[in-house]
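S.K.: Pasting the sequence and the predicted coordinates here, then a few questions.
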Amino acid sequence: MIKSINEIEEVVLKIKHIESNGGIILLKGDLASGKTTLVKAFVKLLGIPQEATSPTFSIMNIYDDKVYHYDIYNEGTAKFLESGLLENLEKEGYHFIEWADEKLEEILKAYGFDYITVEIIPEGVKRRYRIG
């Protein structure tokens, strides 16, 4: 499924449909492509009163114990693992991981974690979302 950023509500509804009881969602895309915007829309969809913000420096933000939002851009996969956040993925809820890389995907597979990937693709000044 590919949708434009103007159809972000459809994208978050699709994620909610695929991962109806929670799960791991890997977010891939360029800097300022809309990864946090997607998490904001998802948090809003769930009716959580907190506004989602980028966890770039905190590595993880939690919204109402339902949505876990990670950003591993600065620290990378190694720090994610060293921090014990891999074990955190066993908690119930939605786990959005910004800047997921192939190394993290390999580790998730090795530990038996299922996940979906949302890739944000630039198309000129527009952004498109691909869920796979």
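M.R.: Happy to help now that I have it. Numbers count the residues shown, from 1 in each chain.
S.K.: Let's verify the closest residue to T53 other than its chain neighbours: helix, strand, or coil?
M.R.: By the measure of CB to CB, 6 or more residues apart in numbering, the closest residue to T53 outside its immediate chain neighbours is N61, 6.4 Å from it. C-betas here are computed from N, CA, C, even on glycine. Of the three states, N61 takes strand according to DSSP: H, G, I helix; E, B strand; the rest coil.
S.K.: What residues does N61 make contact with?
M.R.: Contacts of N61 were listed using CB atoms under 8 Å, 6 or more residues apart in numbering, and they are 52-53, 55, 68-69.
S.K.: Show me which of those residues are buried.
M.R.: Buried residues within the contacts of N61, counting neighbours by 16 or more other CB atoms under 10 Å: 52, 55, 68-69.
S.K.: Just the ones of those in strands?
M.R.: When strands are assigned by DSSP state E, the members of the buried ones among the contacts of N61 inside them are 68-69.
S.K.: Could you find the lowest-pLDDT member of the buried ones among the contacts of N61?
M.R.: Scanning the buried ones among the contacts of N61 for pLDDT, the smallest score is found at P55, 83.
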